[in-house]
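Engineer: sequence? don't have it. structure:
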Ligand SMILES: NC(=O)c1ccc[n+]([C@@H]2O[C@H](COP(=O)([O-])OP(=O)(O)OC[C@H]3O[C@@H](n4cnc5c(N)ncnc54)[C@H](OP(=O)(O)O)[C@@H]3O)[C@@H](O)[C@H]2O)c1
């Protein structure tokens, strides 16, 4: 017989509905699966619908409901349609994980306006459009989690002006939306700044790059996506009810070394 554990109930998401953008690969898949394991029904947004269907199957294997919605977060209409689809299918929205992101590395003297803008459009503007749409649908107790990066706080040897600016911008956006919505609407807004976690994004790095960065990580290894997902689940639920406007760094100690 299991022993009642009220404190662990504060980490549960039963009866809640979560939206995860960028749920077609990498960390977004881990977030969707973990939110479902915690009890949430999950709405999945990204451009590659075939890959979203695979994540949908993982969510449904936990016994929760899932919905895959073709979404381009660079398009405000598409972000509004994602939230509308969530409300139509499951009746409410409690959690938004703004995870969709692209990473580029282009030397500043060579970067075109289109290249710079495309990163800001997805990583920063896309998070804002989706947060606007989700907050309008959320009621008291909502939680928005923006997936930022340690690149919003420090550098990592690659020419990533657009990416670093987008993530530092996302942390600022987080603070301001927390200021606007926590008291007035009961919606907490936080960001999570991951260090290095295996994904399609990190597969693009040149040979030896991650090994070199690993020397900076106190934990001596890259992170497991499940270790990041646990932080997202915590921020999503009532256990984090007094945390808002913060950037939570999950990096194995990289930024303090
Ligand atoms: N992995 C790391 O070490 C690390 C570290 C720090 C921060 N992060 C952040 O974590 C997030 C997830 O990255 P990841 O490592 O999991 O990379 P990933 O495997 O490349 O996943 C990126 C996701 O974003 C989606 N996406 C890209 N552009 C989109 C758009 N216009 N509209 C909707 N979805 C879009 C992609 O889906 P589609 O292509 O199907 O649209 C994909 O699902 C990103 O915000 C990234 O900056 C990752």
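Structural biologist: That came through, no problem. Everything quoted here is computed from the prediction, not taken from an experiment.
Engineer: quick one: contacts for the nearest residue to residue 87 once chain neighbours are set aside?
Structural biologist: Using CB to CB, 6 or more residues apart in numbering and skipping the chain neighbours, the partner closest in space to residue 87 is residue 137 (5.4 Å). Every C-beta, even on glycine, is put in place using the N, C-alpha and C of the backbone. With contacts taken as CB atoms under 8 Å, 6 or more residues apart in numbering, residue 137 has the following neighbours: 83, 86, 87, 92, 93.
Engineer: Can you go through those and name the buried ones?
Structural biologist: Neighbour counting over the contacts of residue 137 (16 or more other CB atoms under 10 Å) leaves 83, 86, 87, 93 as the buried ones.
Engineer: Can you show me the strands along the chain?
Structural biologist: 17-21, 41-46, 66-70, 95-98, 143-147, 188-194, 247-250 (DSSP state E).
Engineer: before we move on, back to that, from the contacts of residue 137, pick the one nearest the ligand.
Structural biologist: Of all those, residue 83 has the smallest distance to the ligand: 13.5 Å, by CB to the nearest ligand atom.
Engineer: what's the pLDDT at the closest one?
Structural biologist: If you check residue 83, the pLDDT there is 99.
Engineer: change the start of the numbering to 346 and stick with it
Structural biologist: Sure, I'll start counting at 346 from here, so that last one is residue 428.
Engineer: who's in contact with it?
Structural biologist: 364, 438, 475, 478, 479, 481, 482.
Engineer: These in helices, which ones?
Structural biologist: If you go by DSSP state H, those have 475, 478, 479, 481, 482 in helices.
Engineer: got any ranges where the stretch 346-495 of the chain has weak pLDDT?
Structural biologist: Scanning the stretch 346-495 of the chain for pLDDT under 70 picks out the ranges 346.
Engineer: and if we set it to 80?
Structural biologist: Within the stretch 346-495 of the chain, the segments meeting pLDDT under 80 span 346-347.
Engineer: Can you list the helices and strands that the longest helix along the chain packs against?
Structural biologist: Among the elements of type helix in the chain, defined by DSSP H, the one spanning the most residues is helix 506-530. Contact here means 3 or more CB pairs under 8 Å, 6 or more residues apart in numbering; DSSP states H and E; on that basis helix 506-530 packs against helix 458-465, helix 471-482, strand 488-492, strand 533-539.
Engineer: what's the third one in contact with?
Structural biologist: I take that to be strand 488-492. Among residues not part of strand 488-492, those counted as contacts by CB under 8 Å, 6+ apart are 367, 372, 439-444, 446, 472, 476, 479-480, 515-516, 518-519, 522, 532-537, 539, 577, 580-582, 585.
Engineer: quick one: strands adjacent to it?
Structural biologist: In the sheet containing strand 488-492, its partner strands are strand 440-443 (parallel), strand 533-539 (parallel), by DSSP bridges.
Engineer: chain center to that strand: distance?
Structural biologist: For strand 488-492, the distance from its own C-alpha centre to the chain's C-alpha centre is 6 Å (CA atoms, centre = their mean, to the nearest Å).
Engineer: what do you get for stretch 498-511?
Structural biologist: On the basis of CA atoms, centre = their mean, the separation between the geometric centre of stretch 498-511 and that of its chain is 18 Å.
Engineer: Please name the bridge partners of the nearest residue to residue 401 once chain neighbours are set aside.
Structural biologist: The shortest distance from residue 401 to any non-neighbouring residue, by CB to CB, 6+ apart, is to residue 411 (4.2 Å). Residues in a beta bridge with residue 411, per DSSP bridges, are residue 387.
Engineer: most packed of the strands paired with strand 488-492?
Structural biologist: With neighbours taken as mean count of other CB atoms under 10 Å, the strands paired with strand 488-492 reach their highest mean count in strand 440-443, at a mean of 30.
Engineer: neighbouring contacts of it?
Structural biologist: Applying CB under 8 Å, 6+ apart, the set of residues contacting strand 440-443 from outside is 358, 361-366, 373, 376, 380, 385, 418, 471-472, 475-476, 479, 483, 487-492, 515, 577, 581.
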